[in-house]
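> When you get a sec, could you give me coordinates for this:
(4 chains)
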2 protein chains.
Amino acid sequence: MNTSEDMDLVFQALAHRTRRDILDLLRAEPGQAVGHLASNFDVSRINIINHLRVLETAGLVISEKDGRSRRLYLNLMPIQMVYDRWTDRYSGYWSDRLASLKYGAEQATKLKGTS
Amino acid sequence: MNTSEDMDLVFQALAHRTRRDILDLLRAEPGQAVGHLASNFDVSRINIINHLRVLETAGLVISEKDGRSRRLYLNLMPIQMVYDRWTDRYSGYWSDRLASLKYGAEQATKLKGTS
DNA sequence: ACAATATGTAATCATGTAATTACATGAATA
DNA sequence: TATTCATGTAATTACATGATTACATATTGT
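Predicted coordinates:
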């Protein structure tokens, strides 16, 4: 998670519903195989493999071979690092939830007042 | 932030370095105009307008007309809602930073042991 | 060895995105 | 009113992405 390109990969990976659903399924049942995972979707198995490649490139999914199948695991570290970087940047705004909402209200007021 | 399509928009908006840089600049100097913002980049002014449209569609940027210019503001609410939803889902893993790192270590050990 | 199973690669097609140039609108000001 | 300034729209181009079908690899079991 050093370069900005890595962050691009993580956000892009999360920017598709199927891939977010994959992460949910891997969280619910870690170590499941590709075919078993794909059976949850209406799209082709190959499409799920393509999505898995995107997730693996972003570091969000790790896999290990197990005979003729492949076990899949969720890895949340990239999301943690994005979160850390983001909250470092904007910690003043929303490191604390209440402060964030306060900011949102202030901004709304400011916009209302000047328009 | 009700539908999954809204989350797609937010993640897609964040999945480009220029757009993340725009958010940083708007945070540093709220209310700045389009041309002033665009002067920070090497790309064309129109390209920044296109990126702004993406950010506004995702709800991350709000704007108001001010004479012949347009004032731009950062809106972090969509990110907050994505964050809330994500941490709701995976709160057991990384609502607490230490717990998250612990999970990461456990997962690494698990993978090492079975491969 | 042969067949069945699990996964992956290659080629393809349609669609979407990023960035550009040229032109158009609308507001401030001489 | 004409002109400059700030912004926006339209059309275009190159490239990336999502999803598919057909084929290929590798492993298990008969």
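
> Can you give me every residue that contacts the single nearest residue of chain A relative to DNA strand C?
Residue nearest to DNA strand C within chain A (C-beta to the nearest atom of the strand): residue A:35, separated by 2.5 Å. Yep, even glycine has a C-beta here, placed from its N, CA and C like the rest. Contact analysis of residue A:35 by C-beta atoms under 8 Å, 6 or more residues apart in numbering or on different chains lists A:45, A:69.

> Residue B:52 versus that one, what's the distance?
43 Å (C-beta to C-beta, to the nearest Å).

> and what of residue A:52?
33 Å.

> Now the phi/psi pair for the residue nearest to residue A:59 when sequence neighbours are not counted, please.
Spatially, and ignoring its direct neighbours in sequence, residue A:59 is nearest to residue A:78 (4.5 Å; C-beta to C-beta, 6 or more residues apart in numbering or on different chains). Phi and psi for residue A:78, reported as degrees, to the nearest 10, are phi -60, psi -40.

> so who does residue A:78 touch?
A:1, A:6, A:10, A:58-60.

> ok, now residue A:43?
Contacts of residue A:43 by C-beta under 8 Å, 6+ apart are residue A:18.

> Return the set of buried residues in the helix or strand containing residue A:64.
In this assignment (DSSP states H and E), residue A:64 forms part of strand A:61-66. Using 16 or more other C-beta atoms under 10 Å in any protein chain shown as the test for burial, strand A:61-66 gives A:61-63.

> does DNA strand D sit close to stretch A:24-43?
Yes: under the criterion of C-beta under 7 Å from any atom of the strand, DNA strand D is reached by stretch A:24-43 at residue A:43.

> Pull out the buried residues from that stretch.
Under 16+ other C-beta under 10 Å, the buried positions of stretch A:24-43 are A:25-26, A:32-34, A:37-38.

> give me the number of residues near the one residue in chain A that gets nearest to DNA strand D?
Relative to DNA strand D, the nearest point of chain A is residue A:67 (2.8 Å; C-beta to the nearest atom of the strand). Residues contacting residue A:67 under the criterion other C-beta atoms under 10 Å in any protein chain shown number 7.

> Next, give phi and psi for it.
phi 70, psi -130.

> do the same with the one 4 residues further on
For residue A:71, the backbone dihedrals are phi -90, psi 140 (criterion: degrees, to the nearest 10).

> pretty sure it is in contact with residue A:29, am I right?
No: in this structure, residue A:71 is not within contact of residue A:29 by C-beta atoms under 8 Å, at 10.7 Å.

> Tell me, how many residues neighbour residue A:17?
Neighbour tally, residue A:17, other C-beta under 10 Å: 13.

> so what are the domain limits for chain A?
Chain A is divided into the following domains under automatic domain parsing: A:4-75, A:78-114.

> And residue A:77, how far from residue B:24?
Taking C-beta to C-beta, one finds residue A:77 at 23 Å from residue B:24.

> got it, and residue A:67?
Distance from residue A:67 to residue B:24, by C-beta to C-beta: 48 Å.

> do residue A:60 as well
From residue A:60 over to residue B:24 (counting by C-beta to C-beta), the distance is 24 Å.

> do the same with residue A:3
According to C-beta to C-beta, residue A:3 and residue B:24 sit 16 Å apart.

> What are the boundaries of the strands in chain A?
In chain A, the strands defined using DSSP state E lie at A:61-66, A:69-74.

> Thanks a lot, catch you later.
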